[in-house]
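Trainee: quick one, fold the following:
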Amino acid sequence: MTELPAEKVCVGAISGSYGVRGELRVKSFCAVPEDIETYSPLTDETGTRQFALALLHPIKNGFSARIAEVATKEEADALRGTQLFARREQLPSLPDDEYYHADLIGLDVYDTGGTLLGRVKTVQNHGADDLLELQLAGTSATTFLPFTKAAVPTVDLATRRIVADPPEGIMPEPSAKGE
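Mentor: Sure, this is the predicted structure:
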């Protein structure tokens, strides 16, 4: 996985074509979904392609949208899976205790005693609270940590550290060797 420049934040994705006239299905990752249109021009992950996105109407799981350069269903289908990025300075500043997912990925996570637990690999949301997927220190295993004030009392972006107090049963038990 490539490291993204900190000045770009993923605000949505193209999920395919909508109809036969070059319209696209777009998922918005914005708190106010319609705001994705106001961050145009959006770019792809590499920043080499720009998209002036115009939302047409809401559809299931997103919006029908148009991009001027896309005129056919085939061109729209070719963009399926393209993530859409906005420049950070286009986005609203967040209140305290709110973070862009891009800011959390890669942060080291320590327990309240100062022991390194792992590093944030991804941020997931399956309908309830966000979950931090941790790549556990010294292993390829991962676990999910609820991103709540109780489980994650401190996020320090300046030092790139998170202090966590994982609920019972979240962290794997250390294996006893030689028994």
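Trainee: other residues contacting the lengthiest strand in the chain?
Mentor: Secondary structure of the chain per DSSP state E: the longest strand is strand 8-18. For strand 8-18, contacts defined as Cβ atoms under 8 Å, 6 or more residues apart in numbering pick out 4, 23-30, 36, 39, 42-43, 47, 59, 61-62, 64-65, 73, 76-77, 79-88, 91, 100-102. C-beta here means a position set from N, CA and C on the backbone, and glycine is covered the same way.
Trainee: partners of it in the sheet?
Mentor: According to DSSP bridges, strand 8-18 forms sheet pairs with strand 23-28 (antiparallel), strand 83-87 (antiparallel).
Trainee: alpha carbons of that strand, as CSV, please.
Mentor: This file holds the C-alpha atoms of strand 8-18, laid out as CSV (Å, rounded to 0.1, in the frame of the first residue of the first chain):
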residue,chain,number,x,y,z
LYS,A,8,-4.8,14.8,0.2
VAL,A,9,-7.8,13.1,1.8
CYS,A,10,-10.0,10.4,0.2
VAL,A,11,-13.6,11.8,0.1
GLY,A,12,-15.3,9.2,-2.1
ALA,A,13,-15.0,6.6,-4.8
ILE,A,14,-16.5,5.8,-8.2
SER,A,15,-18.4,2.5,-8.1
GLY,A,16,-19.2,2.2,-11.8
SER,A,17,-21.6,3.4,-14.4
TYR,A,18,-25.2,4.5,-13.9
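Trainee: what residues of it count as buried?
Mentor: Buried residues in strand 8-18, counted by 16 or more other Cβ atoms under 10 Å: 8-15, 17-18.
Trainee: also stretch 38-50?
Mentor: Buried-residue list, stretch 38-50, by 16+ other Cβ under 10 Å: 39, 42-43.
Trainee: save the buried residues of strand 8-18 as CSV, and put in pLDDT and distance to Leu132 too.
Mentor: Compiled in CSV, the buried residues of strand 8-18 are given as follows (pLDDT from 0 to 100; distance: Cβ to Cβ, whole Å):
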residue, pLDDT, distance to Leu132
Lys8, 84, 21
Val9, 84, 17
Cys10, 85, 17
Val11, 88, 20
Gly12, 89, 21
Ala13, 92, 21
Ile14, 94, 26
Ser15, 92, 25
Ser17, 93, 34
Tyr18, 94, 33
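Trainee: quick one: the longest strand of the chain to chain centroid distance?
Mentor: Computed by Cα atoms, centre = their mean, to the nearest Å, the chain-centroid distance of strand 8-18 equals 12 Å.
Trainee: check stretch 133-140 too.
Mentor: With Cα atoms, centre = their mean, you get 19 Å for stretch 133-140.
Trainee: what does it contact?
Mentor: Residues outside stretch 133-140 that contact it (Cβ under 8 Å, 6+ apart) are 109, 116-124, 141-145, 171-172.
Trainee: repeat that for stretch 100-113.
Mentor: Against stretch 100-113 from outside (Cβ under 8 Å, 6+ apart): 3-4, 6, 8-10, 88, 91, 94, 116-123, 130, 132, 134, 145, 147, 153, 155, 157, 160-166.
Trainee: okay then, goodbye and thanks.
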